[in-house]
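Q: just coords:
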C-alpha cells in the first residue's frame, strides 16, 4: 500500500498562537531542566529502550543528545495534536512525523550511537565488516532480515503438521491434515488464511500450531494454501479477480472439503483478509441459494471498514485511481511493497531496531519462527488488489447490502445467519478490535465475541500450554452496538482463548465417528505431502 500521504498533503498547516506559545514554553522549560541536570552530572539516561545500553549511560554527552532528541520529538507531536486541520489530515501528519522522527533518532547513526561504537571496539572492527555484509545481503534480498532465516525450512521445522494436498488449481492448494485421534467430528473445519501472507502462521511449530491443536481436538482440518504468483508466470494468474478468488478459491475449497467429508456443510474459519474473503464468498453462495457452511469463525477480520486504524493514512481516491490504472487489468502488487508498508507501521520495532543491530553492530538476529513467516511475503494479482482496496478500505461497500458485487451478484452480508465465533485482539494495529467487533452488527445468527490480549498475530497465536496473556468473554448473548459497553460487562480470563473456541466449535461440529484412514477420496486423491509446493514459492 505504498502511496503518497494524500492529495490533500500540500494544504497549509497552522497552529493556534496560544497553543504554539504553550508548546514553546514547555520546550524551553524542559530543555533548561535537562541542560542543568547534565551540567551538574545528574542527568539520568532516558527510559526509551533505544538508549538503554551501558555505553549511553556512561556518556554524559550522548545522554544529553538522547534527551534533546526525545524532547524535540514530543514538541513535534504536540504541534500535530494542536494543528488546525481535519482529523484525517492530522492522522497523516502524525504518521509522517513518526517516520521522520523515528528515522532521525541518534541511535540509528554510527557516529551518534555510543553502543554501536563500543561494539566496533569490542570486536576489533569485525562489527563493521559483518554489518556491511549484512547490509549487502539484505540489499540483495530487497528487505531487512528480521531473523536468522537459515534456521528455518518450510516442511522441516515450520508448517510440519502431517497431511496431504488433496486438490489444487491455479489459485490454491487444499491440504487435508491427517487425523491424530481415533474419532473425529462429522463436520470438518476449513481454514481460509489471508492471501497477503502464507498460511503457516497458523502452523508454525508443534507447540504453537493452531492447526495441530484443532486436529488434536478431533477436527478434520483442511487448509487453503494460496498460490504466490510471480512475474515470470505466464498463465494469466496476474489478472485474477476478487470474484475468481471467491468462486474458484474459497467456495471451491469448501465444496471439495464437503465432498471428501461426505457432509452437506462444513465449518469454516477465516483469518484477517481470509475472513473478509470467506464472509464475502458465503454471501455470494447465499445469494445463489447455497449454504455451504454450518458455523463460521472470524479471527481479526474486517467486514465493516469504517475504522481501519493506522492503515487509513494510505487510503484516498488518488491512491485508488493510481492502482486502478497501474494494476486494474493485470500485473502484480509486489510483496516487497506490501511488506515495506506494514513494517513502517511500526518503524522502531520492524525497521530501525534491525538497522542498528544488523548493520551498525554486525549482529545476526535471533531465530524466531514468527518473524521468518513475516518475511515470507506474497504477491497479489492486481485486479484482486484493486477491487479489494476500493471496495473495502476506500468505499466500505461490503457493509451496505447489495453495494458490492462478485461474479455479477450483489453481496449482502446481513443475510448470513449461521452461528459465528468472532475474535479480536485488543492491541491490534491492523484490525482495531472495535472494528472486528463491528461484524457483530452485520451478521444475523447467534454469535460469540471474544477479545484476546496483545496484537494482530501474538493475540491469535497463543497456545494454551504457553500460559500467556488473557482474553475477555461474556456469556450474555446480547451484543450491544457499542463495543465499550460489551467490554464493560465482559469477564477477563487468564491464558489462551483457544479452549473457549474449541468448546464452541465442538458444539457445532456434529457427532464423532471413526477417523478417516487416509486423506482424500476417490475423486480427490492425495497429490503431495503437506505443506505442499505452493507455500514454498518465495516472492523475494
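A: Cool, the structure landed. What you see is a predicted model; the values in this text were computed from it and never measured. Numbers count the residues shown, from 1 in each chain.
Q: on contacts alone, who are the packing partners of the helix or strand of the chain with the lowest mean pLDDT?
A: Across the helices and strands of the chain, mean confidence by mean pLDDT, DSSP states H and E is lowest for helix 335-343: a mean of 89. Here helix 335-343 touches no other helix or strand, going by 3 or more Cβ pairs under 8 Å, 6 or more residues apart in numbering; DSSP states H and E. Just so you know, the C-beta spots here come from the backbone N, C-alpha and C atoms, and that holds for glycine as well.
Q: From the chain's centre, how far out is that helix? Work that out for me.
A: 11 Å (Cα atoms, centre = their mean, to the nearest Å).
Q: Report the buried residues of it.
A: Judged by neighbour count using 16 or more other Cβ atoms under 10 Å, the buried positions of helix 335-343 are 335, 336, 337, 338, 339, 340, 342, 343.
Q: Including distance to residue 90, could these go into CSV?
A: Below are the buried residues of helix 335-343 laid out as CSV (distance: Cβ to Cβ, whole Å):
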residue, distance to residue 90
335, 31
336, 29
337, 25
338, 25
339, 27
340, 24
342, 22
343, 23
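Q: Under a three-state scheme, what state does the residue nearest to the spatial centre of the chain occupy?
A: By Cα atoms, centre = their mean, the chain has its centre lying nearest to residue 456, at 5.5 Å. Classification of residue 456 using DSSP: H, G, I helix; E, B strand; the rest coil returns coil.
Q: ok now do it, which residues does it touch?
A: 272, 300, 425, 428, 429, 430, 431 (Cβ atoms under 8 Å, 6 or more residues apart in numbering).
Q: follow-up on the earlier one: what does the least confident helix or strand of the chain rub up against?
A: Contacts of helix 335-343 (Cβ under 8 Å, 6+ apart): 1-2, 142-144, 196, 228, 314, 350-351, 374-375, 377-380, 430, 539-540.
Q: next one: stretch 489-497
A: Residues contacting stretch 489-497 (Cβ under 8 Å, 6+ apart): 423, 450-452, 462-464, 466-474, 476, 500.
Q: could you redo the last one with a cut-off of 7 Å?
A: Residues outside stretch 489-497 that contact it (Cβ atoms under 7 Å, 6 or more residues apart in numbering) are 423, 450-452, 462-464, 467, 470-474, 476.
Q: before we move on, back to that, closest to residue 242 among the buried residues of helix 335-343?
A: Set against residue 242, the nearest of those by Cβ to Cβ is residue 338 (16.6 Å).
Q: Next one: that closest one relative to residue 311, how far apart?
A: Counting by Cβ to Cβ, to the nearest Å, the separation of residue 338 from residue 311 is 11 Å.
Q: What of residue 434?
A: Taken as Cβ to Cβ, the span from residue 434 to residue 311 is 14 Å.
Q: ditto for residue 249
A: 23 Å.
Q: So which of these two has more stuff around it?
A: Taking neighbours as other Cβ atoms under 10 Å, residue 249 and residue 311 compare with residue 249 leading, 27 against 18.
Q: any low-confidence regions in the stretch 401-540 of the chain?
A: 540 (pLDDT under 70).
Q: Can you show me the helices along it?
A: According to DSSP state H, counting those that start in this stretch, the stretch 401-540 of the chain carries its helices in the segments 433-437, 483-489, 498-506.
Q: which strands and helices sit next to the first one?
A: Contacting helix 433-437 under the criterion 3 or more Cβ pairs under 7 Å, 6 or more residues apart in numbering; DSSP states H and E are the following elements: strand 420-425, helix 483-489.
Q: what does that helix rub up against?
A: Residues from elsewhere that reach helix 433-437, judged by Cβ under 7 Å, 6+ apart: 300-302, 304, 306-308, 422, 424-426, 449, 451, 483, 486.
Q: Please apply the same query to the last one.
A: By Cβ under 7 Å, 6+ apart, the surrounding residues in contact with helix 498-506 are 185, 213, 217, 267, 295, 297, 421, 448, 450, 463-464, 471, 473.
Q: cool, stretch 255-262 as well?
A: Under Cβ under 7 Å, 6+ apart, the answer for stretch 255-262 is 166-167, 174, 176, 188, 190, 220, 222, 264-266, 292, 520-521, 523-524.
Q: Which stretches in the stretch 101-250 of the chain count as strands?
A: 163-168, 172-177, 183-185, 189-192, 221-226 (DSSP state E, counting those that start in this stretch).
Q: I'd say residue 34 and residue 66 touch.
A: No. Contact criterion Cβ atoms under 7 Å: residue 34 and residue 66 do not qualify, at 10.0 Å.
Q: who has more neighbours, the two?
A: residue 66 (25 against 18).
Q: wait, what's in contact with the more buried one?
A: Contacts of residue 66 by Cβ under 7 Å, 6+ apart are 46, 51, 56, 106.
Q: switch the cut-off to 8 Å
A: Here residue 66 is in contact with 45, 46, 48, 50, 51, 56, 106, 107 (criterion: Cβ under 8 Å, 6+ apart).
Q: Tell me who's in contact with residue 170.
A: 227, 235, 237, 240, 248.
Q: Just the buried residues from those, in ChimeraX please.
A: Per 16+ other Cβ under 10 Å, the buried members of the contacts of residue 170 correspond to this ChimeraX selection:
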select :227,237,240,248
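Q: For the contacts of residue 170, work out which two are farthest apart.
A: Every pair of the contacts of residue 170 checked by Cβ to Cβ; the farthest is 235 and 248, at 13.1 Å.
Q: So what does residue 63 have for phi and psi?
A: phi -60, psi -40 (degrees, to the nearest 10).
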